[in-house]
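**Student:** Sequence and computational prediction follow.
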Amino acid sequence: MGVRDEGGPLAALRGEHRRGRELVGSMRAAMAQRETDRVGGGLAFAAAAEEYQALLLQHMDKENGVLFAVADIRVSKDKDRELVAA
């Protein structure tokens with residue numbers, strides 16, 4: 001029942017999770033930068049936030065269009081009910 005991980009859709013989604021964490025870190029760093037450089041920190045935050053927004057939109061589209069569609073095909077109805085109940 002497995003889904004190819006290496007080089008497949010799960011690997012791409014995991015890469016996007018990693019990139020998302022990096023962008024959140026960049027936004028945190030930009031907020032700290034604003035203490036000494038309001039303009040530079042604000043610009044850095046805006047750039048990271050804009051990329052993060054785009055990443056999230058693409059990521060959710062992939063989950064909805066690929067990941068959940070594959071799960072609907074590969075996960076039995078009984079297993080689905082079990083997962084929902086958990």
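**Tutor:** Everything's here; your move. Residues are numbered from 1 along each chain as shown.

**Student:** just checking, Gly20 touches Tyr52?
**Tutor:** Yes: assessed by C-beta atoms under 8 Å, Gly20 is found in contact with Tyr52 at 6.5 Å. For every residue, glycine as well, the C-beta is placed using N, CA and C.

**Student:** what does whichever strand or helix holds Gln53 contact?
**Tutor:** In this structure, Gln53 sits in helix 38-62 according to DSSP states H and E. With contact meaning C-beta atoms under 8 Å, 6 or more residues apart in numbering, helix 38-62 is reached by 9, 12-13, 16, 19-20, 23-24, 26-27, 29-35.

**Student:** buried stuff in it?
**Tutor:** 41, 44-45, 48, 51-52, 55, 59 (16 or more other C-beta atoms under 10 Å).

**Student:** So for Arg74, what's the pLDDT?
**Tutor:** The model reports Arg74 with a pLDDT of 89.

**Student:** before we move on, what about Glu35?
**Tutor:** 97.

**Student:** which residues sit in contact with it?
**Tutor:** Gly41.

**Student:** separation between it and Gly25?
**Tutor:** As defined by C-beta to C-beta, to the nearest Å, Glu35 lies at a distance of 17 Å from Gly25.

**Student:** ditto for Gln33
**Tutor:** Distance from Gln33 to Gly25, by C-beta to C-beta: 12 Å.

**Student:** Then Val66?
**Tutor:** 27 Å.

**Student:** Counting neighbours, go ahead and name the busier of the two.
**Tutor:** Neighbour count, other C-beta atoms under 10 Å: between Val66 and Gly25, Val66 has more, with 16 against 11.

**Student:** what's the burial count for Ala30?
**Tutor:** Count around Ala30 with other C-beta under 10 Å applied: 20.

**Student:** ugh, wrong one, I meant Gln33
**Tutor:** Neighbours around Gln33, by other C-beta under 10 Å: 18.
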